[in-house]
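Novice: have a look at this prediction, sequence included:
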Amino acid sequence: MAASERPAHAGKAGAKRRPWVGYAAFLPFLIVVIGYELLPLAQLVVNAFIGKESGSFGLENFIKVFTTPLYQQSIVNSLWISVISAIVGIVVAFLAARFAYESSARVRNAFTMVLNMMSNFSGVPLAFAFMILMGNSGVLTLLGQRFGIPFLADFDLYTGQGLLVLYIYFQIPLATLLLLPAFSGIRKEWREAAVILKASPAVYWFKIVIPNLMPSILGTLSVLFSNALAAYATAYAVVMNNYALLPLQITSKFKGDVQIDNATGGALAVVLILLMVACTLINNYFTKRASKGREIV
Amino acid sequence: MSANAKAKAKAAKPGKKTPLAAKIFLGLVALYLLIPFVTTLVYSLFVEWTDVLPSGFTLRNYAELFTNATFWLSIGRTLILCLVSVVITIVLLLLAMYVVVAVNRRLGRFMQFVCMIPYALQGVILSIGIISLYTGTGTVLSNRMLMLFGAYTILVLPYIYQGIRNALNAIDANMLIQAAEMLGCGRFRAYVQVVLPNIISGILVSSLLAESIVFGDFVLANNIAGTNYQNIQVFLQANMARSSGLSSAIVVIIFLVVGAVTATVLKLQSGTQKSQKE
């Protein structure tokens, strides 16, 4: 309090002469943020609430979004692919982080290096790499045909199943990088205490370690979920606009080969925004809890 | 220092030997993560891969790529987008941060909120919001280039904001300005001549991170500019169906560039962490 009062007082001498000058430096930032962040968001929300047919203010567009099969399917597919890829990602990441934590520093550093490098491998380049691997004449597809492995030979990358494989791929490095620091909060004494008290390894993991890591796990899960929900480049590069997925459908409304439909696009965008905001709030809540827990210990 | 290091070495001893299960699992995950890129790399270096093993080593794809004018143009455009938008964001944030540090602290909360929105919403929402607001207005604002630079400026806001804020917190900017004022220096001059030189290295890391984000962006470039102003990612997407040999070479180049930037960031970060510890 005292520290913040002093500069305010000292500022008065300068402010007396030209009170607005101090704030002038804030203006460029404010103008750009309003012009390219706040107004565009407001525009989407306004689009969403002005009915496409009636032209009046109301929920018409949302009713349309939630009753049209294509849009229903897009929302369901987006949620489904995000949930599954986030869960698979977190399970693999948990095991990887656990093993990395038990490893020597050299192995852990090498592994973290791979994670950091491969977490950049996403979007269009990733989609292309998977086409070479598992596309119609991909390397693994050919191997599958040659050696009679039906899973590889008949794998169709250009469907929801194919997208799921891609999404899981880019979730794993991100999830592991987010989860690794949490393991440093696990004390060696806990394991010793558990062994002395004759707890089985299962009891140790499920009653001590996992509950302790729960805030970090759930926080990471919400980051993964929103990461998959908003992913566009990967999906677009593989299936273009030919799949019912929220980001693809939203974009096609504004930049389509078909007519531009601000109203429906706006309503779909608001649905996505609400989902993303929910994820951010959940993540903030768990991040706070995770840091609180660490302070007590 | 040496006692500390000894204690550390002792503590690390029991964990020094990596368990076999850990080795196998981490090896499998690393392999899984590396396979798509390694396949692309091998694919780009051979004439064809229609059998179990590729055949006919060649650098033809790279030669073709490096003599392709469109490739160099798209690289040039990407670099311009990276540099200009990151520099604009840094200047905007440094000016705004002066007001927060030296004039009115209460603006800090507003600034933090505004700067974290793009992180929560990501590219799709940002790009369509901008298109929907400015397309067809017939003013200078409907210029695609202007929209694109505006969008990138917002996209990198969270990363550069975090970097600048952490750097300012680390040096206690407020106290430095007060000290300079006592010596008869103006506030703004104190900010420019005393505070800024102290936070430059902190800004550098976050700027590099922001560069790699702009370099890897496809959503904004494709939605806002599309084929009007092809960046490297849009160039790759346009070539994917045409020539897989050429595309695999582009993927390798993109990965190497972003990888080099990431490695630099990690090195700088571990460097600052070490110096902080000491």
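Specialist: Now that the structure is in, tell me what you want to look at. Note that the coordinates shown come from a computational prediction; the quantities given were computed from them, not determined experimentally.
Novice: so which bits of the stretch 151-278 of chain B are right by chain A?
Specialist: B:151, B:153-154, B:157, B:174, B:177-178, B:181, B:186-188, B:212, B:216, B:218-219, B:222-223, B:226, B:233, B:236-237, B:240, B:244, B:247-248, B:251, B:254-255, B:258-259, B:262-263, B:266 (CB under 8 Å from any CB of the partner chain). C-beta here means a position set from N, CA and C on the backbone, and glycine is covered the same way.
Novice: could you point out which element follows the helix or strand hosting B:Arg165?
Specialist: Using DSSP states H and E, the element containing B:Arg165 is helix B:157-171. The C-terminal neighbour of helix B:157-171 among helices and strands, as given by DSSP H and E, is helix B:173-182.
Novice: can you give me the offset of that next one from its chain's centre?
Specialist: When C-alpha coordinates are averaged (CA atoms, centre = their mean, to the nearest Å), helix B:173-182 and its chain have centres 32 Å apart.
Novice: show me what that helix is packed against.
Specialist: helix A:2-17, helix B:187-190 (3 or more CB pairs under 8 Å, 6 or more residues apart in numbering or on different chains; DSSP states H and E).
Novice: tell me the contacts of the closest residue to chain A within chain B?
Specialist: Chain A sits closest to B:Gly129 of chain B, with a gap of 2.9 Å, by CB to the nearest CB. Counting by CB atoms under 8 Å, 6 or more residues apart in numbering or on different chains, B:Gly129 touches A:40-41, A:43-44, A:269.
Novice: which SS class is it?
Specialist: Three-state call for B:Gly129 (DSSP: H, G, I helix; E, B strand; the rest coil): helix.
Novice: secondary structure and pLDDT added to the contacts of B:Gly129, as CSV?
Specialist: As requested, these are exported to CSV (DSSP: H, G, I helix; E, B strand; the rest coil; pLDDT from 0 to 100):
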residue, secondary structure, pLDDT
A:Pro40, helix, 95
A:Leu41, helix, 95
A:Gln43, helix, 93
A:Leu44, helix, 93
A:Ala269, helix, 94
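Novice: backbone dihedrals for residue 172, please?
Specialist: Picking chain A for this. Backbone torsions for A:Ile172, taken as degrees, to the nearest 10, come to phi -60, psi -50.
Novice: look at chain B instead
Specialist: The phi and psi values for B:Asp172, taken as degrees, to the nearest 10, are phi 50, psi 70.
Novice: how about the strands of the stretch 151-278 of chain B, start to end?
Specialist: For the stretch 151-278 of chain B, applying DSSP state E, counting those that start in this stretch gives no strands.
Novice: mind telling me which of the helices and strands packed on helix B:173-182 the model trusts least?
Specialist: When those are compared on mean pLDDT, helix A:2-17 scores lowest, with a mean of 44.
Novice: quick one on the thing from earlier: ok, of the residues of the stretch 151-278 of chain B next to chain A, which come out buried?
Specialist: Neighbour-count burial (16 or more other CB atoms under 10 Å in any protein chain shown) is assigned, among these, to B:151, B:153-154, B:157, B:174, B:177-178, B:181, B:187-188, B:212, B:216, B:218-219, B:222-223, B:233, B:236-237, B:240, B:244, B:247-248, B:251, B:254-255, B:258-259, B:262.
Novice: got the contact list for A:Leu180?
Specialist: Contacts of A:Leu180 (CB under 8 Å, 6+ apart): A:97, A:100-101, A:112.
Novice: so which of these sit within helices?
Specialist: If you go by DSSP state H, the contacts of A:Leu180 have A:97, A:100-101, A:112 in helices.
Novice: what's the most distant pair in these?
Specialist: Farthest-apart pair in these is A:Tyr101 and A:Thr112; separation 11.2 Å (CB to CB).
Novice: now do B:Val261 against B:Glu211, distance only.
Specialist: 6 Å (CB to CB, to the nearest Å).
Novice: okay then, goodbye and thanks.
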